[in-house]
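Q: let's see this in three dimensions:
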Amino acid sequence: MKKYSYSLLILFICILSYSCKKGTNHSTENYTHTITIKDSLDIRLPGTIDIYFFKKDIDDDIFYGLQKNEIIKIDLKAKQFIGKIEVPSFYISSELSSIHVINKDSILVTDSPISFLLIDAKGEVLNKYTIAESSLLPENSQIFTPPSYIRLQEDGQHVYFPILHYAYLSRPWEYKKNNRIGVLNLTSEKVTKFIIPTAESAYIPKGYNYPDDVLEPNLTVVNNSIIVSYPYDNVIEVYDLSGEFKYRKKVSSQYISEAPKRMKIKTYKVHQKRWNHRITMPFYNNINFHEAIGLYSRIAYHEQPLKMNDGKLNDGSKRTASVILMDKNFNVVGETLFENGSLGVYKSIPLPDGYLIASNQKYWKHEDQFIFTTRLQIEKL
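A: Presented below is the predicted three-dimensional model:
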């Protein structure tokens, strides 16, 4: 079995190596950076894998991730599972669905669409923040929620989080001027304000829409700035921490020639048609900052056909993606291509000098395996 597993791992690395190599062949003369494989991992965890998100702790190579209602810890340097933190179930309103590590004794997790828990290294709940109790909610508070699986961002005192109006899902043109980012003060334990409306480039005209999940704003708080983008839009907007607009920049993948087509509302209302649209459309992931090298990056997932060669609905196992590299001013300095599902959708963890990635789930072979098996490094050409 070990020999078989090792062979599969080597095969995946070979496929990924080909993908990375092929990506660099498309580089323009202005590109200065690329992505290469730094290491491979074969880490086994207790139980089956159900990991939502990982965030780097103050120790560079320690990662935390949610596995149902527990937090597991991985030592990437030692390449092994090093323990888990159990959160008392009576504190959890629904389920743990996103995580942000401020430091090893201050870990924020969402336990419902409207509440956060602050826990320590032993799983003791230090505080619970219920956003719905704030008097600063929008007037239509019944249609307010932060997406439950987003990444939390903080600047030491505040937590910034995307919000979504339920009505926005069916009538986005009516809510285009609503602020999309909430700010929670950890000291006062209140949501102090809502900032940053939908970017003009991301406006959706009356009678049209996109699938629900791509309507949620991507959010990054880094370098004293709030960076907001949208999965269906190639424009990046930068604000200061108060929500004051600074500038915007259009950053496109060389493999995505145009913005994804919108759906008419009558199409949107049919679940299968909405899902078919979601399967095929290209989209962008969150902006990440790699502090060890001073570059930003954004993953682009490319358009794919509705059906595979066998006529079945596309399962995404062959989906192509690319990683766009940007300097401090968001000028593109490189883009590396990944083919054959070697970079799975939302299967990436940003690192100070690169990424930890997983392939499409079709290629996972063991229920107890840490799915992120490849470590990538950003390098100068």
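
Q: got the domain boundaries for the protein?
A: Domain assignment for the chain by automatic domain parsing gives 1-46+266-381, 50-129, 134-250.

Q: same for the helix or strand encompassing residue 336, what does it pack against?
A: Take DSSP states H and E as the rule and residue 336 turns out to sit in strand 332-338. Strand 332-338 sits against helix 2-24, strand 33-40, strand 321-326, with contacts defined as 3 or more C-beta pairs under 8 Å, 6 or more residues apart in numbering; DSSP states H and E. For glycine as for every other residue, the C-beta is placed from the backbone atoms N, C-alpha and C.

Q: thinking again about what came up before, turn the domains of the chain into JSON lines, columns for distance to residue 260, mean pLDDT and mean neighbour count.
A: What follows is the domains of the chain, written out as JSON lines (distance: least, C-beta to C-beta, whole Å; pLDDT from 0 to 100; neighbours: other C-beta atoms under 10 Å):
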{"stretch": "domain 1-46+266-381", "distance to residue 260": "4", "mean pLDDT": "84", "mean neighbour count": "17"}
{"stretch": "domain 50-129", "distance to residue 260": "24", "mean pLDDT": "81", "mean neighbour count": "17"}
{"stretch": "domain 134-250", "distance to residue 260": "5", "mean pLDDT": "82", "mean neighbour count": "17"}
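
Q: make TSV out of these and add distance to residue 256.
A: As requested, the domains of the chain are exported to TSV (distance: least, C-beta to C-beta, whole Å):
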stretch	distance to residue 256
domain 1-46+266-381	5
domain 50-129	25
domain 134-250	7
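
Q: out of the ones you listed, nearest to residue 257?
A: Residue 257 lies closest to domain 1-46+266-381 among these, at 9.0 Å (C-beta to C-beta).

Q: any idea how far the closest one is from the middle of the chain?
A: 12 Å (C-alpha atoms, centre = their mean, to the nearest Å).

Q: same deal with stretch 227-241?
A: The answer for stretch 227-241 is 14 Å, by C-alpha atoms, centre = their mean.

Q: output it as PDB, restricted to C-alpha atoms.
A: The C-alpha trace of stretch 227-241 is given here as PDB (Å, rounded to 0.1, in the frame of the first residue of the first chain):
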ATOM      1  CA  ILE A 227      -8.200  45.200  -0.400                       C
ATOM      2  CA  VAL A 228     -11.600  44.300  -1.900                       C
ATOM      3  CA  SER A 229     -12.400  42.400  -5.000                       C
ATOM      4  CA  TYR A 230     -15.100  40.200  -6.500                       C
ATOM      5  CA  PRO A 231     -14.900  36.700  -8.000                       C
ATOM      6  CA  TYR A 232     -16.500  37.700 -11.300                       C
ATOM      7  CA  ASP A 233     -14.600  41.000 -11.600                       C
ATOM      8  CA  ASN A 234     -10.900  41.700 -12.500                       C
ATOM      9  CA  VAL A 235     -10.700  45.100 -10.700                       C
ATOM     10  CA  ILE A 236      -9.000  45.400  -7.300                       C
ATOM     11  CA  GLU A 237      -9.900  48.200  -5.000                       C
ATOM     12  CA  VAL A 238      -7.700  49.500  -2.200                       C
ATOM     13  CA  TYR A 239      -8.900  51.400   0.900                       C
ATOM     14  CA  ASP A 240      -7.400  52.600   4.100                       C
ATOM     15  CA  LEU A 241      -8.500  51.000   7.400                       C
END
